[in-house]
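1. everything below, folded, please.
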Amino acid sequence: MSDTPRETPQKKGGLIRSSAIFAGLTLVSRVMGLARDLVITARLGASQTIAADAYYTALAFPNLFRRIFAEGAFAAAFVPSYSRKLAAEGEEAADRYAADALATVAAATVGLTILCQLAMPWLMYVINPGFADDPAKFKLAIVLTQITMPYLPCMAIAALYSGVLNAHGRFIVSGFYPTILNAVMLAVVLPQHDPVRAAYAASIGVVIAGVGQAGLCWWGASRTGGRIRLVRPSLTPEMKQMIRLAVPAAIANSATQINIFISGILASQVDGLRVWMNVADRLYQLPMSLVGVAIGVALLPRLSTALQKEDHDDAQTAMDQGLVWALALSLPAAAALMAMPVYLIDGLFTRAEFVRADAVATGQLLFHYGWGVPAFVLLRILQPAFFARQDTRTPMRVSLISVGVNVVLGVTLFYTVGFWGIAAATSIAAWISVLQMWTALGRRGVYRPSATAIFKVGRVAAASLVMGGLLAVAAHFHAVLEAPLRGLPAKEIVVLTLSAAGLALYPVLLFSFGGVTVAEARALLRRRKGDTAPRAADLP
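-> Residues are numbered from 1 along each chain as shown. Got it, this is the predicted structure:
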């Protein structure tokens with residue numbers, strides 16, 4: 001092949017459509033993930049069985065390394081280098097680089113997988129010390145985690161091929177491949193009725209899905225013309241440079257994962273807590289995916305374009321719009337989650353092995369994650385303001401401080417107020433991170449919200465409070481609403497109806513209060529000439 005670089009960017013409309021499809025597929029994956037959790041909690045239970053805690057340990061441990069290394073540090077180091085090679089030296093040189101990277105990451109993750117499998121009986125004392133009091137749960141967690149560990153190299157390989165696809169401007173496969181895990185899990189768990197057998201089936205399904213995800217990404221990359229051959233691992237100068245680039249990214253990415261790891265150690269001391277946290281996480285992450293669609297597809301590209309053109313007025317406007325829209329989409333979600341947390345969980349999840357007591361405990365966690373949702377979303381607005389100015393140190397410093405705050409608060413609150421202190425600590429740490437970033441941007445004169453933006457945020461908050469108040473009243477009188485539905489799945493119908501009513505009512509309140517106008521909503525969806533399409537990393 002010639003070394004002449006191939007034109008990889010698509011037409012502007014095609015890029016926008018691809019990015020929208022990527023975000024939409026990510027949302028589909030979140031919804032399927034919710035369906036997967038509904039089935040798994042029904043089959044495995046939570047506090048009443050040993051299977052659920054053991055399974056979620058088996059799922060969490062390889063995912064810990066996947067998020068830090070495979071999809072975090074490695075992607076941050078590989079994708080920019082591969083893209084530069086593709087543009088400057090052509091596809092053949094880029095394919096050679098990708099082949100060396102594939103060999104390096106595969107060897108490293110396979111070696112780590114084998115080491116963890118062999119050391120798992122001892123590692124389990126570190127991961128879940130609370131399980132040691134229950135020998136059956138402890139043994140099951142060891143075996144299931146040994147089964148799921150090969151998921152790590154599969155996802156490392158998938159991350160590489162996904163990076164190749166993104167560099168070629170292809171986002172559809174990258175957006176679709178996470179749904180394979182959800183589909184496989186549903187297929188293998190649905191036929192099971194014994195909790196322990198369901199846990200084994202789910203763990204095996206994780207590995208099957210990992211092979212399928214890696215295979216799909218390989219197929220997608222090969223369809224773009226990439227010829228990434230299998231080679232022996234070799235620490236070439238380029239690979240050493242990639243590793244050097246990956247180390248800071250690993251440190252930054254490890255912040256959240258360390259929080260999750262510490263939370264897992266605490267969770268091992270309460271039967272069912274791992275499951276409760278996972279279910280609560282699924283629900284509060286769902287509205288964040290919706291926010292990511294709007295921000296990733298429409299707002300962040302505009303900010304990037306404005307900064308490239310040194311148009312500071314437009315950058316200010318973009319940040320103001322990002323702030324208003326982030327809160328316009330996250331405040332109502334927070335209000336809804338806080339208005340009916342227990343009833344929401346009870347209506348969706350309480351069945352079979354997942355009992356009412358599990359719903360109450362999960363609802364307590366969901367309430368305290370709920371008031372952190374706006375902070376989690378604001379971080380998506382504030383971080384790019386630093387990244388666009390090539391400042392990666394400030395977000396990394398903020399992340400490390402967040403880890404310290406979360407760990408100290410999480411441990412303190414866990415032993416003083418109870419298990420829901422873990423969720424409260426996470427939300428407090430997120431708001432402290434937002435405050436630090438906001439202060440840094442203001443101190444440097446980079447961004448301060450305009451008076452108009454502050455005015456609109458106040459109107460958004462008022463609309464969200466009204467909607468949340470109405471939902472809270474309706475949830476309180478749920479027995480009255482369920483009474484006419486005797487003989488039907490009353491809880492499920494009322495919960496879904498209230499959720500749909502909240503979704504329908506909120507835009508009316510938002511426009512009526514003046515938080516956002518109809519014209520502004522239409523303008524958000526229009527791409528202006530010169531705006532760049534979002535990268536996969538900008539999407540949820």
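2. flag every buried residue along stretch 86-105.
-> 86, 90-91, 94-105 (16 or more other CB atoms under 10 Å). No exception for glycine: its C-beta is placed from N, CA and C like everyone else's.
3. out of the residues you listed, which are inside helices?
-> Among those, the residues falling in helices (DSSP state H) are 86, 91, 94-105.
4. just give me the closest of those residues to L400.
-> Closest approach between those and L400, by CB to CB: V105, at 25.1 Å.
5. what pLDDT does the closest residue to the closest one other than its chain neighbours get?
-> Here the nearest residue to V105 in space, its sequence neighbours aside, is A156; by CB to CB, 6 or more residues apart in numbering that works out to 4.8 Å. Predicted confidence (pLDDT) at A156: the value is 88.
6. ditto for G445
-> 82.
7. for it, which three-state class applies?
-> coil (DSSP: H, G, I helix; E, B strand; the rest coil).
8. contacts only, for it.
-> Neighbouring residues of G445 by CB atoms under 8 Å, 6 or more residues apart in numbering: there are none.
9. one step back: okay, now the residue nearest to V105: neighbour count?
-> 27 (other CB atoms under 10 Å).
10. can you list the weak-confidence ranges in this protein?
-> Within the chain, the stretches with pLDDT under 70 are 1-23, 69-76, 171, 226, 248-256, 289-308, 310, 387-390, 392, 523-540.
11. run the last query once more with 50
-> 1-16, 297, 527-540 (pLDDT under 50).
12. all strands of it, in order?
-> Along the chain, no stretch is classed among the strands by DSSP state E.
13. one step back: out of the buried residues of stretch 86-105, who's nearest S47?
-> Nearest member of these to S47, counting by CB to CB, is V105, at 38.4 Å.
14. was I right to think that closest one contacts I157?
-> Yes - the criterion here is CB atoms under 8 Å, and V105 meets it with I157 at 7.4 Å.
15. picking that back up, farthest pair in the buried residues of stretch 86-105?
-> Maximum distance among these (CB to CB): 22.8 Å, for G90 and V105.
16. about what we covered before: from the buried residues of stretch 86-105, which is closest to P178?
-> Taking CB to CB as the measure, P178 lies nearest V105 of the buried residues of stretch 86-105, at 18.8 Å.
17. for the stretch 51-200 of the chain, which segments count as helices?
-> Under the criterion DSSP state H, counting those that start in this stretch, the stretch 51-200 of the chain contains helices at 51-65, 74-88, 91-127, 135-148, 151-167, 172-176, 178-189, 195-223.
18. okay if I get those helices as TSV plus distance to G24?
-> Below are the helices of the stretch 51-200 of the chain laid out as TSV (distance: least, CB to CB, whole Å):
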stretch	distance to G24
helix 51-65	24
helix 74-88	21
helix 91-127	28
helix 135-148	29
helix 151-167	17
helix 172-176	8
helix 178-189	11
helix 195-223	17
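19. how about those, which one is nearest A475?
-> helix 51-65 (26.2 Å).
20. related to what we said a few turns ago, and which of the buried residues of stretch 86-105 is nearest R67?
-> Set against R67, the nearest of the buried residues of stretch 86-105 by CB to CB is V105 (14.4 Å).
21. how close does that closest one get to A98?
-> 10 Å (CB to CB, to the nearest Å).
22. which residues do those two both contact?
-> Contacts common to V105 and A98, judged by CB under 8 Å, 6+ apart, are 78, 160.
23. give the contact list for D134.
-> Applying CB under 8 Å, 6+ apart, we find D134 in contact with I50.
24. can you get me a residue count around the nearest residue to A52 once chain neighbours are set aside?
-> Distances taken as CB to CB, 6+ apart place L44 nearest to A52, at 4.0 Å, with adjacent residues excluded. L44 has 29 neighbours, counted by other CB under 10 Å.
25. is it true that L44 touches A51?
-> Yes - judged on CB under 8 Å, L44 makes contact with A51 at a distance of 4.7 Å.
26. what touches both of these two?
-> 195, 198-199.
27. buried subset of those residues, written for ChimeraX?
-> Selection of buried members from the shared contacts of L44 and A51 for ChimeraX, criterion 16+ other CB under 10 Å:
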select :195,198,199
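28. closest to A519 out of the shared contacts of L44 and A51?
-> The closest of the shared contacts of L44 and A51, once distances to A519 are taken by CB to CB, is A198, at 51.5 Å.
29. what sits against the closest one?
-> A198 makes contact with 40, 43-44, 51, 189, 192, according to CB under 8 Å, 6+ apart.
30. these two touch, right, G130 and V270?
-> Yes - with contact defined as CB under 8 Å, G130 reaches V270; the gap is 7.4 Å.
31. including distance to G205, could the shared contacts of L44 and A51 go into JSON lines?
-> Below are the shared contacts of L44 and A51 laid out as JSON lines (distance: CB to CB, whole Å):
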{"residue": "P195", "distance to G205": "15"}
{"residue": "A198", "distance to G205": "10"}
{"residue": "A199", "distance to G205": "11"}
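32. out of everything not next to it in sequence, what's closest to G220?
-> Excluding the flanking residues, the one nearest G220 by CB to CB, 6+ apart is V173, at 3.6 Å.
33. what is the burial count for the one you found?
-> 23.
34. that one: what's it in contact with?
-> Remark: with contacts taken as CB under 8 Å, 6+ apart, V173 is in contact with 162, 165, 216-217, 219-220.
35. run the chain-centre distance for stretch 330-340.
-> How far stretch 330-340 lies from its chain's middle: 19 Å, per CA atoms, centre = their mean, to the nearest Å.
36. could you do stretch 353-368 as well?
-> On CA atoms, centre = their mean, the centre of stretch 353-368 falls 21 Å from the chain's centre.
37. same check on stretch 442-457?
-> 28 Å.
38. buried sites along that stretch?
-> Buried residues in stretch 442-457 (16+ other CB under 10 Å): 446-447, 449, 453, 456-457.
39. can you tell me which of the residues you listed lies nearest to S330?
-> Nearest member of the buried residues of stretch 442-457 to S330, counting by CB to CB, is V457, at 11.3 Å.
40. residue contacts, the closest one?
-> V457 touches 323-324, 327, 449, 515, counting by CB under 8 Å, 6+ apart.
41. what ranges does the stretch 201-350 of the chain have for its helices?
-> Going by DSSP H, counting those that start in this stretch, the stretch 201-350 of the chain shows helices at 237-267, 273-294, 300-308, 312-339, 341-349.
42. quick one on the thing from earlier: between the buried residues of stretch 442-457, which is nearest S263?
-> Closest approach to S263 among the buried residues of stretch 442-457 (CB to CB): V457, at 30.7 Å.
43. dump the contacts of V457 into CSV; add distance to V407 as well.
-> Listed next are these as CSV, based on distance: CB to CB, whole Å:
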residue, distance to V407
L323, 29
V324, 33
L327, 28
P449, 31
G515, 36
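44. just the buried members of these?
-> Among the contacts of V457, those classed as buried by 16+ other CB under 10 Å are 323-324, 327, 449, 515.
45. what's the closest of the buried residues of stretch 442-457 to M277?
-> V457 (30.3 Å).
46. tell me the contacts of F419?
-> 266-267, 270, 273, 276, 361, 364-365 are the contacts of F419 under CB under 8 Å, 6+ apart.
47. phi first, then psi, for it.
-> phi -60, psi -30 (degrees, to the nearest 10).
48. quick one: the helices in the stretch 351-500 of the chain?
-> Counting by DSSP H, counting those that start in this stretch, the helices of the stretch 351-500 of the chain are 356-370, 373-387, 393-416, 421-443, 451-476, 478-482, 490-513.
49. so P178 touches T26, yeah?
-> Yes - if you go by CB under 8 Å, P178 and T26 touch, sitting 7.4 Å apart.
50. who's more crowded, these two?
-> It is T26, of P178 and T26, that has more neighbours when counted by other CB under 10 Å, with 22 against 19.
51. what about the more buried one, distance to R96?
-> In terms of CB to CB, T26 sits 31 Å off from R96.
52. next one: L27
-> In terms of CB to CB, L27 sits 36 Å off from R96.
53. before we move on, what about A472?
-> 60 Å.
54. over to L266?
-> With CB to CB as the criterion, L266 and R96 are 46 Å apart.
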